[in-house]
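K.L.:
just a sequence and a predicted model for now, questions to come.
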Amino acid sequence: VNTNECMQAENTEVSLQNAHGYKVLLVDDTLMNLLVISTMLKSQFPNIEIVEAHTGVEALQALELFVPTIILMDVQMPELDGISATKKIRENSAFLNTPIIALTAGVSTEERNACFDAGMCDFLAKPIEKKELKRVIETYLHNSKALNDSAVDDVHFDRLKLEAKIGDLVACNAILEMSL
């Protein structure tokens, strides 16, 4: 793992709201977490492409089909946990410098160290705060691709699609409140 690449990325912040071509692999076994984090990402970075995986195994399969700019990886998952998945990802030279960010409710020093030892670059504690998510994305994506200069005035949600996916109007409203 090129930890220098992770360290260098921490020194620069830039607004990526108008960026095109950024791809996030979001890995979490909890549907609600995927929905909340995806919505937060889209509200702050409307042009970012998000691919979701529910397990470490699905994450590895997704990496056979596309190359993400950044990976947001839940640590504690069944089947293949985030630490084991990260170790497997780092075995592939194509992903040695891809930032992998740990997502977890566990905030112990031991868990943080295990994440960093596996090759993760940073750590976000759950519940994910919108401000911290934005900081991480801006920090690690600043060198990835040229930014698109065109402005995005509004972020539009297809509320009907969101309600259909969630199946609960009250939950939909709560998620929108958290993410906007």
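P.N.:
Thanks, I have it.

K.L.:
where does pLDDT dip in the protein?
P.N.:
Low-confidence segments of the chain (pLDDT under 70): 1-20, 143-166, 168-169, 172-180.

K.L.:
how about the strands of this structure, start to end?
P.N.:
Remark: strands assigned in the chain by DSSP state E are 23-27, 49-53, 70-74, 100-104, 122-125.

K.L.:
return the angle between stretch directions for the third one and strand 49-53.
P.N.:
If I follow you right, that is strand 70-74. Angle between the axes of strand 70-74 and strand 49-53 is 30 degrees (criterion: axes from the mean of the first three to the mean of the last three CA atoms, to 10 degrees).

K.L.:
parallel or antiparallel, list what pairs with strand 70-74.
P.N.:
Using DSSP bridges, the strands paired with strand 70-74 are strand 23-27 (parallel), strand 100-104 (parallel).

K.L.:
including mean neighbour count and distance to Glu132, could those strands go into TSV?
P.N.:
To be clear about C-beta, it is placed using only N, CA and C from the backbone, and glycine gets the same treatment. Output for the strands paired with strand 70-74, formatted as TSV (neighbours: other CB atoms under 10 Å; distance: least, CB to CB, whole Å):
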stretch	mean neighbour count	distance to Glu132
strand 23-27	23	15
strand 100-104	24	10
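
K.L.:
make JSON lines from those strands and add distance to Met77 to it.
P.N.:
Below are the strands paired with strand 70-74 laid out as JSON lines (distance: least, CB to CB, whole Å):
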{"stretch": "strand 23-27", "distance to Met77": "7"}
{"stretch": "strand 100-104", "distance to Met77": "10"}
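
K.L.:
tell me which of those lies nearest to Glu79.
P.N.:
Checking the strands paired with strand 70-74 against Glu79 by CB to CB gives strand 23-27 as the closest, at 11.4 Å.

K.L.:
which helix runs longest in this protein?
P.N.:
Using DSSP state H, we find that the single longest helix of the chain is helix 31-44.

K.L.:
what's it packed up against?
P.N.:
In terms of contacts (3 or more CB pairs under 8 Å, 6 or more residues apart in numbering; DSSP states H and E), helix 31-44 is packed against strand 23-27, strand 49-53, helix 130-141, helix 159-166, helix 169-179.

K.L.:
what residues are up against Leu41?
P.N.:
24, 26, 48, 50, 133, 137 (CB atoms under 8 Å, 6 or more residues apart in numbering).
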